[in-house]
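>>> Need a 3D model of the sequence below.
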Amino acid sequence: MPQLLLELLTEEIPARMQAKAQADLERAVTDKLADAGLKAGEVRAFSGPRRLCVVVDGLPEKSADVREERKGPKVGAPDKAVEGFLRGAGLESIDQAEIQDGKKGQFYVAIIEKPGTSTTEIVAQMVPDIIRNFHWPKSMRWGTGDLRWVRPLQRILCVFDGEVVPFEVDGIASGNETQGHRVMGAGPFAVSNFDEYSKVLSEEGHVVIDREARKATIEAEAKALCEADGLELVDDKGLLEEVAGLAEYPVVIMGDMDPQFLTLPPEVITLSMRVHQKYFAVRDPKTGNLAPKFIVVANLKAQDGGKVIAAGNSKVLSARLADGVFFWENDKAIKLESRLESLGNIVFHEKLGSVGDKVERVSALAKELAPIVGAKPDEAEKAAKLAKCDLVSEMVFEFTELEGVMGRYYAMEEGQPQHIADAIRDHYKPKGPSDAIPTEPTAVAVALADKLDTLVGFWAIDEKPTGSKDPFALRRAALGVIRLVLENDVRLGLQCVLSDHFMVPAPASLLQSSGAGGSVTYLVENAMAFKGEGFGGDESEKEKFFRCEYVPPLVDDLLSFFADRLKVYLRDKGQRHDLIDAIFALGEDDLVLITKRVEALGSFLDTEDGANLLAGQKRAINILAKEEKKDGSAITGEIDKKMLSEAAELSLHEALNAATAKAETALAKENFEEAMSALSLLREPVDKFFDDVIVNADDKEVRTNRLRLLAKIRDVTSQVADFTKIEG
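Below is the predicted model of the structure:
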């Protein structure tokens, strides 16, 4: 069947936009063809620095003919009804309509037959529409035309079944010609199908149209060059993706770096290479250290094998790294701690004060959290005070990606203990779901304090995520807290920690600017002039984090936010979201215990006992809800054993007492599997009760006693989870 070939040739497309544009063009062409009634076979798309291409195989020559029957009014209907029917059906007179019999008499039917449209005509209409409405993150206009495109559009190649599909976009007429590499094979080249197109570009045009093929070539040749010198390539998938979008005909070259620059921190070297020059770093596999080499990807096959290209790139890299040496030496001359005052000049948020204010809050919280995670309070406080001092260094000003990393190096230069230096680097972690988390206690304390302070602060000023918008990355911060707590098995009562921190006094700078005159103002306005009991550092006081003197209203909202993030985290681990709701409903705020409860509950409900008990428990709750609605009060009170006349209710009563005792003992030991095992004892007695006993007995006292049995079922199960939150 015929084939459609479309290529849009432009000036250089930014590398970061190419992959998405390729997918967007493929989807747009496929959707437009489908909307026109054309079923495509295989669809392939390609992208590169100067072109987007789509090839569609197996297209018919025209869309299918359409036959439509449009029902009209009854025979003998008023003239206006008939006239409206004729206009809608496109008929000139009623004689052109058929008369058919129906249940309520005869009625008119218009038979509308539309012949299929040629594929050439469909493509000629759809491609200009796709081009004009194509979405780019950034676009431009050029010349006198009104077309907006990422870069000036130069050619449109559009061929169907070997013939040009004629149309025009902003003065650019479609044709059957493409262009190759600017230097090594510009062309133009006339083609009639994709096989000719790919062959001529590959052989004469020196263009590799497939981005995956370009990536494979770059990676293979770079590794081969490194292996030949006994070195290894430093993998960088992001850079590989980018350079594959910079070269139509990638040629991999190894260059030399002045060894004197190896005295710089390796992150400075690799980042400078990556960001400014798009070079790959190379290391010595024997030592794991960087080697004085680099890999550059050229877009040209040089006659000298790339020697001049390598030499030129070496000079440029030396100039870049010389700046790095200058920054490095200047920064080392200033102590980290002496930079603390300068943090007061950096605004963290206009309503939350400066970075210096944040550091004060974080250091105080890190000191309180330290014993919980096994760190020393004074060391956690010190690491927190130094953690953001590198933000005012020259190196981090030049390379913001090195925040924390450079702080660690400066701390080591000053002779700070290794774990404090590492905490400075790691307190930003995790920055994403795949990022490693710190495990050293001091780093964990500072990382937790930093993220909790951010969340509390933005909740206090009502700057919460809405919909897809999260400008302050608060979802990431909450997920970071969850990972730090769970993956380090940190036992922490979130409610009290958050309550305590909401009571932190507002920054002095904001008090002065607002004319508060030094009065006590907390992050939450109108909060009680009271700071709840905090953890002062004594091991014996650890339980204070689980006893709150005052809980600001915003804490519940923030805890709900944590619950939503925990659902995301545990869902990725295979757990159900409704089970998390069932545990959170108990008021539990210890994330480690919540997770253990959820896992145990999930395992229990997967068993036959669990599934049947859930059904019985829900039946009991439904009966109780109806009765409690009648009286307007909850059913409570002790069960009168003397009134239990049926064997099934006696058996249930005994099972409830046994299950209650066993569950309470298990929960006290935090043995949730054993608690679930206690509930499994109820499965058979509950089933038997509902099979053999009529709850709504005629005798009011008997009925009340049996309802109390059902209330007991609710009470026992609610020790483990709120079963009303569980689906199914």
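>>> Arg714 and Val686, how far apart?
Applying C-beta to C-beta, to the nearest Å, the value for Arg714 to Val686 is 11 Å. For the C-beta atoms, the positions are set from N, CA and C on the backbone; glycine is no exception.
>>> neighbour count winner among these two?
Neighbour tally, Arg714 and Val686, criterion other C-beta atoms under 10 Å: the higher count belongs to Val686, 26 against 17.
>>> Next, the more buried one: secondary structure please.
Secondary structure, DSSP: H, G, I helix; E, B strand; the rest coil: Val686 is helix.
>>> Pull up the per-residue confidence for it.
At Val686, the model reports a pLDDT of 84.
>>> Begin at 38 from now on, thanks
Yes, from this point I'll number from 38; that puts the last item at Val723.
>>> From Gly390, how far out is Lys404?
When distance is defined by C-beta to C-beta, Lys404 is 19 Å away from Gly390.
>>> Show me what the longest helix anywhere in the chain is packed up against.
Longest helix in the chain, counting residues (DSSP state H): helix 344-369. Judged by 3 or more C-beta pairs under 8 Å, 6 or more residues apart in numbering; DSSP states H and E, the packing partners of helix 344-369 are strand 288-293, helix 303-309, strand 327-335, helix 431-435, helix 442-450.
>>> Run the chain-centre distance for that helix.
On the basis of C-alpha atoms, centre = their mean, to the nearest Å, helix 344-369 sits 36 Å off its chain's mean C-alpha point.
>>> Show the subsequent helix or strand relative to that helix.
Once helix 344-369 ends, the next helix or strand along the chain (criterion: DSSP states H and E) is strand 384-386.
>>> Can you tell me which helices and strands that next one packs against?
strand 390-391, helix 392-410.
>>> So what touches the helix or strand that the longest one is followed by?
Per DSSP H and E, helix 392-410 leads on to helix 414-423 as the next helix or strand towards the C-terminus. With C-beta atoms under 8 Å, 6 or more residues apart in numbering as the test, helix 414-423 has contacts from 373-374, 377, 396, 399-408, 444, 448, 453-454, 456-457, 460-461, 464, 478-480, 482-483, 486-487, 574.
>>> Also stretch 693-704?
In this structure, residues lying in contact with stretch 693-704 by C-beta under 8 Å, 6+ apart are 709, 711-712, 714-716, 718-719, 722, 746, 749-750, 752-753, 756-757.
>>> between those, which is closest to Tyr145?
Nearest to Tyr145, judged by C-beta to C-beta, of these is Ile750 at 66.9 Å.
>>> any chance of the helices and strands packed on helix 344-369 in TSV, plus distance to Val518?
Written out in TSV, the entries for the helices and strands packed on helix 344-369 read as follows (distance: least, C-beta to C-beta, whole Å):
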stretch	distance to Val518
strand 288-293	43
helix 303-309	26
strand 327-335	34
helix 431-435	25
helix 442-450	21
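>>> after the helix or strand of the chain with the lowest mean pLDDT, next one along is what?
Across the helices and strands of the chain, mean confidence by mean pLDDT, DSSP states H and E is lowest for helix 545-550: a mean of 54. Moving toward the C-terminus from helix 545-550, the next helix or strand (DSSP H and E) is helix 590-609.
>>> Distance check, Val271 against Ser309.
Taking C-beta to C-beta as the measure, Val271 and Ser309 are separated by 13 Å.
>>> surely Phe539 meets Asp594?
No: in this structure, Phe539 is not within contact of Asp594 by C-beta atoms under 8 Å, at 11.1 Å.
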